[in-house]
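**Student:** I'll drop the sequence and a predicted model, then ask my questions.
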Amino acid sequence: MRVGLTGGIGSGKSAVSARLAARGALVIDSDVLAREVVAAGTDGLAEVVKAFGDDVLTPDGELDRPAVGRIVFGDEAARRKLEAIIHPRVRARATELEAAAPADAVVVHDIPLLVETGQADRFDVVLVVDVPVDVQLERLTAQRGMTEAEAKQRIASQASREDRLAVAGLVVDNSGSLADLDRRVDEIWATLQKRAGHGQDTKR
């Protein structure tokens, strides 16, 4: 059972991902893989340096993420160049991890840019974590210390809420309390288990 999990920045997608993992899902986090494929000494990092220069390296030879962010934010061509280096490597690594999973596993691919990169049709179901834009803004400014302008820019750089919901097979409304979220994830997990042929086994 292959699930594509996505949601806008500040939607609480990581909280949903962690809860699914706790219930027995194999979660493959593309953000984690995106860091792995450009770790020090990788060919991915070498490609990034070749594309953007030595200024994207820290003194320790690691990728300087803030420096890369400054280059690609607001520059479509630069962002696409970076994605062309990272995304194929991430997908290849995710495929390896999935291939090692048991045949009856519920495999959740946690992909922030699932919609933006046109991957919706790669999965048995797309699970979207959804909150209103004003909730995203509130969380980004209160929890991540962004200015309202920065938060709006980050939200605008992603797919719209409508675009995400258009590809959703299942939706988690995460605008309520954590207790509400736990209940909804329980429902989602039961649905995924059923579709994967596990009946009511919740693998707690």
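**Tutor:** Here it is on my side, so go on.

**Student:** Alpha carbons of stretch 121-138, as CSV, please.
**Tutor:** Taking Å, rounded to 0.1, in the frame of the first residue of the first chain, the C-alpha atoms of stretch 121-138 are listed here in CSV:
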residue,chain,number,x,y,z
ASP,A,121,-0.4,9.5,-9.7
ARG,A,122,2.6,7.5,-8.3
PHE,A,123,0.6,6.4,-5.2
ASP,A,124,-2.4,4.2,-4.3
VAL,A,125,-3.7,7.2,-2.4
VAL,A,126,-2.7,10.7,-1.7
LEU,A,127,-3.2,11.9,1.9
VAL,A,128,-3.3,15.6,2.3
VAL,A,129,-2.9,17.4,5.7
ASP,A,130,-5.0,20.5,5.4
VAL,A,131,-5.4,23.7,7.3
PRO,A,132,-6.7,27.1,6.2
VAL,A,133,-4.1,29.6,5.1
ASP,A,134,-4.7,31.9,8.1
VAL,A,135,-3.7,28.9,10.3
GLN,A,136,-0.5,28.4,8.3
LEU,A,137,0.3,32.1,8.8
GLU,A,138,-0.3,32.0,12.5
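
**Student:** For the single longest helix found in the chain, list every residue counted as buried.
**Tutor:** Criterion DSSP state H: the longest helix present in the chain is helix 76-99. Neighbour-count burial for helix 76-99 flags 81-83, 85-87, 89-91, 93-94 (criterion: 16 or more other Cβ atoms under 10 Å). (Glycine included, C-beta is placed from N, CA and C.)

**Student:** for stretch 172-188, same thing?
**Tutor:** So for stretch 172-188, counting by 16+ other Cβ under 10 Å, buried means 172, 174, 181, 184-185, 188.

**Student:** any idea of the angle the helix-or-strand element of the chain with minimal mean pLDDT forms with helix 76-99?
**Tutor:** Sorted by mean pLDDT, DSSP states H and E, the helices and strands of the chain end with helix 65-72, the least confident at a mean of 89. With axes from the mean of the first three to the mean of the last three Cα atoms, to 10 degrees defining the directions, helix 65-72 sits at 130 degrees from helix 76-99.

**Student:** Looks like residue 120 contacts residue 126 (just checking).
**Tutor:** Yes. Residue 120 lies in contact with residue 126 (Cβ atoms under 8 Å); the separation is 5.2 Å.

**Student:** which neighbours do these two share?
**Tutor:** Each of 4, 114, 167 lies in contact with both residue 120 and residue 126 under the rule Cβ atoms under 8 Å, 6 or more residues apart in numbering.

**Student:** TSV for those, including neighbour count and secondary structure?
**Tutor:** Shown next, in TSV, are the shared contacts of residue 120 and residue 126 (neighbours: other Cβ atoms under 10 Å; DSSP: H, G, I helix; E, B strand; the rest coil):
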residue	neighbour count	secondary structure
4	24	strand
114	24	coil
167	18	helix
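
**Student:** Looking at pLDDT only, which of these scores worst?
**Tutor:** The member of the shared contacts of residue 120 and residue 126 with the lowest pLDDT is residue 114, at 93.

**Student:** follow-up on the earlier one: quick one: list the elements packing against the least confident helix or strand of the chain.
**Tutor:** Judged by 3 or more Cβ pairs under 8 Å, 6 or more residues apart in numbering; DSSP states H and E, helix 65-72 is in contact with helix 43-52, helix 76-99.
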